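Chemist: mind looking at a prediction? Sequence and model below.
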Amino acid sequence: TDYEFVITHPEGYELDDKFVGKAIVEYDKEKAYRDADFIYAKNWAAYRDPNYGKILSTDRSWTVDTPKMALTNNAYFMHCLPVRRNMIVTDEVIESPQSIVIPEA
């Protein structure tokens, strides 16, 4: 292939293997952002957790922000919308020229 698909998330929020496929799972978010061409933000609950589907984390260190985007290869930001601003992505990123959420929609 001529691309790599990298998934990053906190440990304990694993996706079922059938969804991961051949994607690379990288728990170090800075490493996952490095040289990326696209950042697609999506949150989910831990698949095997009995509280599946509930918001379990308010860890803002996973919010897509300008310092993380600076690690990329001038990546485009994507999200399926609606998005929880300043939780999933900062206003600065979603309103930037690199945000393609509206054309994506």
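Modeler: Okay, I see it.

Chemist: for W62, see how far away the residue nearest in space to the middle of the chain is.
Modeler: The centre of the chain sits closest to A41, judged by Cα atoms, centre = their mean, with a distance of 3.1 Å. Distance, A41 to W62, using Cβ to Cβ, to the nearest Å: 9 Å. Placement of C-beta: from N, CA and C, glycine included.

Chemist: now stretch 91-105: average pLDDT?
Modeler: The average pLDDT for stretch 91-105 rounds to 97.

Chemist: what sits against the residue nearest to the centre of the chain?
Modeler: V64, F77, M78, H79, V83, I88, V89 (Cβ atoms under 8 Å, 6 or more residues apart in numbering).

Chemist: try it again with 6 Å
Modeler: The contact partners of A41, by Cβ atoms under 6 Å, 6 or more residues apart in numbering, come to V64, H79, I88, V89.

Chemist: try L81
Modeler: Neighbouring residues of L81 by Cβ under 6 Å, 6+ apart: V101, A105.
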